[in-house]
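Asks: only the shape, not the letters, is given here:
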């Protein structure tokens, strides 16, 4: 939608030709690292959350090729389809190779594996270069409306310096306000947006740029914690999405209690998932009397065991607030660490934490 808005803006401005080429201004912070949850590249520019969604449709018979639809449609990546239709039943087992940069600047991804016959599935792959992805989509959008971009996709993808403030504005997209942006992060655990917020804070509040913006963002967080009197005891933060973070239950509970007396409290509570109702808690204890009364952030870390097909939850967390039957609003933090889930065990650690939150609602 954002790219389409720029397309309409160029059309309304009467632009028919672009001399030279098009570049993406990413001076705000660097585009050199990935968030640890999904491996998506963090960048000041984010189109479709810097991912390509792929709708895969299996063939009618085993061995038939599969078909796929790319969202958004773009020449940024050329897919080589080596996947085949498998027997009925089971889950799709598709693999996507790492992007391979070609000498002409194009990128190739090989799809392999199998999908059960008659099935459809959705998959997402992160793009290696969000600025190149955004630039490709923009050039393609302008081409669709008849604008000639003389340089095409040749040349640099990004501008080395900040765009001049007196440049003519053809179209503009304004991001959601901070409260709404954090609500997206909290409700669905949007790791990319969480990682982007930190350097945006550093760039906005401290004027930092490039790789310094992220460090400045964390410095702002430390400053706020000190101002609140919470401190950093029991806190170790190596990223913004929690994959490299360690937060003691005592620290998290102190933070939640202090946040409850701050001017951001209403925004925070508004953004948290509601147990049994929405976000990452929509299916947790939906029939419990506590459903709708627990607002909390989830967190999951773990990995699978190829030998026994089990899954080890190194950490499953839940932290937030309960509006208890007693009339009290209670801040709580729950962690379930190193929980081994054998195949077919039927024990869901998320439901276990939900049961404990329900007990807090009923008895405290």
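Replies: Sure, I can see it. What you see is a predicted model; the values in this text were computed from it and never measured. Numbers count the residues shown, from 1 in each chain.

Asks: show me where the stretch 101-250 of the chain has its helices.
Replies: Here the stretch 101-250 of the chain has its helices, by DSSP state H, counting those that start in this stretch, at 130-144, 178-188, 191-206, 212-228, 249-259.

Asks: what residue ranges in this structure score low on pLDDT?
Replies: Screening the chain residue by residue with the criterion pLDDT under 70, one finds the ranges 160.

Asks: contacts only, for the residue of it most remote from its centre.
Replies: Computed with CA atoms, centre = their mean, the residue of the chain farthest from its C-alpha average is residue 326, at 36.9 Å. With contact set as CB atoms under 8 Å, 6 or more residues apart in numbering, residue 326 has these partners: residue 364. (Glycine included, C-beta is placed from N, CA and C.)

Asks: is it in a helix, a strand, or coil?
Replies: For residue 326, the reduced secondary structure class is coil; criterion used: DSSP: H, G, I helix; E, B strand; the rest coil.

Asks: please apply the same query to residue 330.
Replies: strand.

Asks: distance check, the nearest residue to it once chain neighbours are set aside against residue 221.
Replies: Once flanking residues are discounted, residue 330 sits nearest to residue 322: 4.7 Å by CB to CB, 6 or more residues apart in numbering. Remark: distance between residue 322 and residue 221 (CB to CB, to the nearest Å) = 26 Å.

Asks: between the two, tell me which one has more neighbours.
Replies: Comparing residue 322 with residue 221 by other CB atoms under 10 Å, the one with more neighbours is residue 322, at 24 against 16.

Asks: just list what whatever helix or strand that one lives in packs against, helices and strands only.
Replies: Assigned by DSSP states H and E, residue 322 belongs to strand 311-323. Under the contact definition 3 or more CB pairs under 8 Å, 6 or more residues apart in numbering; DSSP states H and E, strand 311-323 sits against helix 249-259, strand 294-304, strand 329-341, helix 349-363.

Asks: try it again at 6 Å.
Replies: On a contact count with 3 or more CB pairs under 6 Å, 6 or more residues apart in numbering; DSSP states H and E, strand 311-323 meets strand 294-304, strand 329-341, helix 349-363.

Asks: could I get those as a markdown table with distance to residue 164 and mean neighbour count?
Replies: Compiled in a markdown table, the helices and strands packed on strand 311-323 are given as follows (distance: least, CB to CB, whole Å; neighbours: other CB atoms under 10 Å):
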| stretch | distance to residue 164 | mean neighbour count |
| --- | --- | --- |
| strand 294-304 | 41 | 19 |
| strand 329-341 | 48 | 16 |
| helix 349-363 | 50 | 18 |
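
Asks: touching, the residue nearest to residue 330 and residue 331? I think so.
Replies: No: taking CB atoms under 6 Å as the contact criterion, residue 322 and residue 331 are not neighbours in contact, 8.3 Å apart.

Asks: mutual contacts of these two, please.
Replies: The overlap between the contact sets of residue 322 and residue 331 (CB atoms under 6 Å, 6 or more residues apart in numbering) is empty.

Asks: show me how far stretch 299-316 is from its chain's centre.
Replies: Relative to the centre of its chain, stretch 299-316 is centred 21 Å away, using CA atoms, centre = their mean, to the nearest Å.

Asks: residues touching residue 127, list them.
Replies: Under the criterion of CB under 6 Å, 6+ apart, the contact partners of residue 127 comprise 50, 133.

Asks: what about it, distance to residue 198?
Replies: The separation that residue 127 has from residue 198, given CB to CB, amounts to 21 Å.

Asks: follow-up on the earlier one: gap between the residue farthest from the centre of the chain and residue 362?
Replies: 9 Å.

Asks: what count of nearby residues applies to the closest residue to residue 362 other than its chain neighbours?
Replies: Sequence neighbours aside, residue 325 is the residue nearest to residue 362 in space, at 5.9 Å (criterion: CB to CB, 6+ apart). Residue 325 has 14 neighbours, counted by other CB under 10 Å.

Asks: tell me how far residue 325 lies from residue 333.
Replies: Separation of residue 325 from residue 333 (CB to CB) stands at 20 Å.

Asks: right, I'll call it a day here.
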